[in-house]
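Engineer: just to be clear, the model below is a prediction. Sequence and coordinates:
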Amino acid sequence: MGSRHLSRSIVLQTLYEWDFWEGKNKNLEEIFQRNLKLLGEGLVDKQYPEKLLKGVLEYWDELNKLIISGAPEWPLTQINIIDRNILRIGIFELLFSDFKEVPPKVAINEAVELAKTFGGDSSHRFVNGVLGTIFRSMEEVSSKKQNKEKIRKIKKN
């Protein structure tokens, strides 16, 4: 298993446990350190899972809103805990991480692989669909911005 994939697995299992208890009576840092110690043997880059976990937590509310917009027929609390946290990780990497470090298609593929490993029978299709929807929206916004910049340049000339 690759170092980044293992990092995502550790972060997923940490978020799962913490989310299962709804953040009550469980110290996230303790859960993370335990999982890193138990599951991260041989992990070369121990900073990446920490960076990933901190990023997901920092953008928690935004990630939840994006999940809701990407899966409008599914209330957030009705999405199973594994899928919900895979989506948080995938969306964070898709939108808020360095594209050179994690290209968008890698972020989606990694999330789908996590869903195949940890989720239910249809989890990978659900995760792929939600992330695909968000990615297409992201591309549309980017394309519109590029077109506006081109129009501004033409108007200047």
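Structural biologist: Received it, and whenever you're ready, just let me know what you need.
Engineer: give the other helices and strands that the one helix or strand L114 maps to contacts.
Structural biologist: Using DSSP states H and E, L114 falls within helix 104-118. If contacts are counted by 3 or more C-beta pairs under 8 Å, 6 or more residues apart in numbering; DSSP states H and E, helix 104-118 sits against helix 3-20, helix 81-91, helix 123-156. From N, CA and C alone the C-beta is placed, and that goes for glycine too.
Engineer: looking at the ones you listed, which is buried most?
Structural biologist: Among the helices and strands packed on helix 104-118, judged by mean count of other C-beta atoms under 10 Å, the one packed with the most neighbours on average is helix 81-91 (a mean of 25).
Engineer: that one to helix 3-20, inter-axis angle?
Structural biologist: Interaxial angle, helix 81-91 versus helix 3-20 (axes from the mean of the first three to the mean of the last three C-alpha atoms, to 10 degrees): 130 degrees.
Engineer: which helices and strands does helix 81-91 pack with?
Structural biologist: Helix 81-91 packs on helix 3-20, helix 47-58, helix 60-70, helix 104-118, helix 123-156, going by 3+ C-beta pairs under 8 Å, 6+ apart.
Engineer: and the shortest one, which residues are buried?
Structural biologist: By that I understand helix 60-70. Neighbour-count burial for helix 60-70, counted by 16 or more other C-beta atoms under 10 Å, picks out 63, 66-67, 70.
Engineer: try the fourth one
Structural biologist: Neighbour-count burial for helix 104-118 flags 104, 107-108, 110-115, 118 (criterion: 16+ other C-beta under 10 Å).
Engineer: so what's the closest residue in space to L63 that isn't next to it in sequence up against?
Structural biologist: Using C-beta to C-beta, 6 or more residues apart in numbering and skipping the chain neighbours, the partner closest in space to L63 is R88 (4.6 Å). Taking C-beta atoms under 8 Å, 6 or more residues apart in numbering, we find R88 in contact with 15, 56, 60, 63-64, 67.
Engineer: what about the closest residue to D19 other than its chain neighbours, distance to V106?
Structural biologist: Leaving aside its sequence neighbours, D19 sits nearest to I81 (C-beta to C-beta, 6+ apart; 5.3 Å). According to C-beta to C-beta, to the nearest Å, I81 and V106 sit 24 Å apart.
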